[in-house]
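Peer 1: The amino acid sequence is not available; the structure is as follows:
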């Protein structure tokens, strides 16, 4: 019966699916299951009596002590150990339990061994993934959190904790977690988002500000997502990322971009960017105002669409040159003419736009409107010229005055000297006559000089519209005796509808002087003919008086014609001052006088009367 | 009394001409005193004399400021005639302008004639205004 039982039990052992071995007190293998043999790669005959210590320890000495402890233990123990086989390392887990007989006497140890290689592998893989995940989250500064609805437990990962500047063992409640957010917008927002995620299952991802445990304000990106189980939300899983530096950098970029845009937009200089084809790709407000259109209308257009063709071509050539040579044009004075003919002076700079490959893909242009400065400059130059001319006139005038007065006083002095020394009564009378003559001359000189001064100082000239033809006829009548005596033919070809803007007294003086001048320098060998013509011009009237007189050698005397000479004597040639005076009169009225002459043929005086006052 | 064959007075002021003629009477004997109202008529007359072989003036009284052709222009043309005989030219002016004196000096240094500078008023004509030969001897 005992044998049968024994056989039966042995047979039972042999079939056990879990590798099992019976070891006696000497740690020798007594019996085993087939599955045990497979694990330890033994056959049944070799197995019996083998020391279990040897079997277990064939590769790892450190396990020896543990193993012995397990064998001695009265209760159940487990031990993980590994074993080398042809496939490599094999992880095993053995469970030790005491082996009793019917009378509870210890016969040895029952050891059940499981191959846990797969589990270990999985465990290692899990550990690896966890490590990887942690590394990843640490590097990316992306933390995570988990909230379980049932337990109301909130779990933060290490990174999340670090972002909050809390210790690794910190365990927050939901309220504590929310209170890290900055009071106001951030805290309200996260409360609402968290609530909505639990209530309505709405995922979120939001940029918010937290106040860390150390009191530092930082930008974070908080994300959350509901996890469903059987159609019910059981958990929220989320990410938590420190995006502070990124947000600050973005803000800075935004700020500097804003600054740049504001600067360009508001510069009182026309700023524009053009592409390779000189199409405008950026214009600022000044440029828009100058062109007189909105930026939308200007962008994509070329100078040919906006400016006069000639000006546009010059500008296009400049653009191409700048892009070709990479040399900037700096502070060049340019003139821009719009389609409507408006002309503007600019101080223009053009700088090549270069991409990262070092190729020019357009130009940056800057133009400053200097029209006003230019005008001022011209005005100033004009003023300087006028002043210089005036100054020259003054010096000349002063010189003439002193000269003329001196010449008269010299005459007085000489004649008086004669008078004192003279004994002959008749001669004395002659000298007295001369003195009277000299006195008259002096008076006339003073009158003439006075006339010149009057023209020069007459600032507010009262110009009137006068009929030129009628004025000529009037002067002709006054000069009728002179003209008849010299048998002069005057041809007044001035159209009756031409009026000139002139001071009445000046017009008479001008016509009179030019007519008498023509008579004075007539050619005695032919009949004197004087022709008077006039034509309307843009800003006034051009009046011409031509004669067939002696003519003047302009290369020799050109500079002296309108000068002032010492001809204040009461001789038959009358006043040599005439041309000097009328030149002053004409110029005082904003006009000018010039002449053409050929010796032996005649002279033509051109007088321009300015319409403006 | 200095004997002079021919004298020209070129001045547009009849009083000055009157004065010079009067002063000449006291110092010179001359049967040929001519006056001209400007440089142009004087140089035309000179050219005419050269053409016709008439005796040329030995002394000229020359005003500077005159219409049509002034004293300086006359001097230019006169020097251009390249006369063989030296002529005494008395430049007379009421000008106290330094540049006129400078101009006179430039002419004096650059021509073969004798040039005197006389400022108005003139009360007397000096022998040197009429004859350089006497001075040298």
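Peer 2: Alright, I've got the coordinates. Computed from a predicted structure; not experimentally measured.

Peer 1: need the residues of chain B near chain A, please.
Peer 2: Residues of chain B lying near chain A by CB under 8 Å from any CB of the partner chain: B:12-16, B:18-19, B:22, B:37, B:65-67, B:70, B:73, B:94-97, B:120-123. C-betas here are computed from N, CA, C, even on glycine.

Peer 1: Of those, which belong to helices?
Peer 2: B:14-16, B:18-19, B:22, B:73 (DSSP state H).

Peer 1: Residue numbers of the stretch 401-550 of chain A in contact with chain B?
Peer 2: Counting by CB under 8 Å from any CB, the stretch 401-550 of chain A comes close to chain B at A:402-403, A:406-407, A:409-411, A:413-415, A:417-418, A:434, A:437-438, A:441.

Peer 1: at 7 Å instead, please
Peer 2: A:403, A:406-407, A:410-411, A:413-415, A:417-418, A:434, A:437-438 (CB under 7 Å from any CB of the partner chain).

Peer 1: so which one among the residues you listed has the lowest pLDDT?
Peer 2: The lowest pLDDT within these belongs to residue A:403, with 72.

Peer 1: Now the two most distant members of the ones in helices among the residues of chain B next to chain A.
Peer 2: B:22 and B:73 (27.7 Å; CB to CB).

Peer 1: Kindly supply the ChimeraX command isolating those of the residues of chain B next to chain A that are buried.
Peer 2: In ChimeraX syntax, the buried subset of the residues of chain B next to chain A is picked out as below (16 or more other CB atoms under 10 Å in any protein chain shown):
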select /B:12,13,14,15,16,18,19,22,37,65,66,67,70,73,94,95,120,121,122
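
Peer 1: circling back: could the ones in helices among the residues of chain B next to chain A be laid out in a markdown table, adding pLDDT?
Peer 2: Formatted as a markdown table, these follow (pLDDT from 0 to 100):
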| residue | pLDDT |
| --- | --- |
| B:14 | 88 |
| B:15 | 90 |
| B:16 | 91 |
| B:18 | 93 |
| B:19 | 93 |
| B:22 | 92 |
| B:73 | 90 |
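
Peer 1: Which member of those is positioned nearest residue A:300?
Peer 2: residue B:73 (71.0 Å).

Peer 1: helix, strand or coil for the residue nearest the centre of chain A?
Peer 2: Centroid check for chain A by CA atoms, centre = their mean gives residue A:264 as the closest residue, at 4.1 Å. Three-state call for residue A:264 (DSSP: H, G, I helix; E, B strand; the rest coil): helix.

Peer 1: same check, this time on residue B:61
Peer 2: strand.

Peer 1: Now it. Nearest residue, chain neighbours left out?
Peer 2: residue B:9 (4.6 Å; CB to CB, 6 or more residues apart in numbering or on different chains).

Peer 1: Run a quick neighbour tally on residue A:89.
Peer 2: Neighbour count of residue A:89, defined by other CB atoms under 10 Å in any protein chain shown: 11.

Peer 1: so it sits in a strand?
Peer 2: Yes: under three-state DSSP, residue A:89 sits within a strand.

Peer 1: Skipping its backbone neighbours, what lies nearest it in space?
Peer 2: Nearest non-adjacent residue to residue A:89, counting by CB to CB, 6+ apart: residue A:82, 5.6 Å away.

Peer 1: is that neighbour in a bridge, and if so with what?
Peer 2: residue A:91 (DSSP bridges).

Peer 1: Next, give me the two most distant ones among the residues of the stretch 401-550 of chain A next to chain B.
Peer 2: Farthest pair in those, by CB to CB: A:403 and A:418, 22.6 Å.

Peer 1: Could you tell me the per-residue confidence at the closest residue to residue A:28 other than its chain neighbours?
Peer 2: What sits nearest to residue A:28 in space, not counting adjacent residues and going by CB to CB, 6+ apart, is residue A:49, at 5.2 Å. With respect to pLDDT, residue A:49 scores 82.

Peer 1: I'd like the distance from residue A:49 to residue A:147, if you could.
Peer 2: 60 Å (CB to CB, to the nearest Å).

Peer 1: more neighbours, these two?
Peer 2: Between residue A:49 and residue A:147, counted using other CB under 10 Å, the more crowded position is residue A:147 (23 against 10).

Peer 1: Name the residues linked to the residue nearest the centre of chain B by a beta bridge.
Peer 2: Central residue of chain B (CA atoms, centre = their mean): residue B:60, 2.1 Å from the mean position. Taking DSSP bridges as the rule, residue B:60 bridges to residue B:8, residue B:89.

Peer 1: Can you give me the distance of whichever residue of the stretch 251-400 of chain A sits closest to chain B to residue A:323?
Peer 2: Ranked by CB to the nearest CB, the top residue of the stretch 251-400 of chain A for proximity to chain B is residue A:399, at 6.4 Å. For residue A:399, the distance to residue A:323 equals 62 Å [CB to CB].
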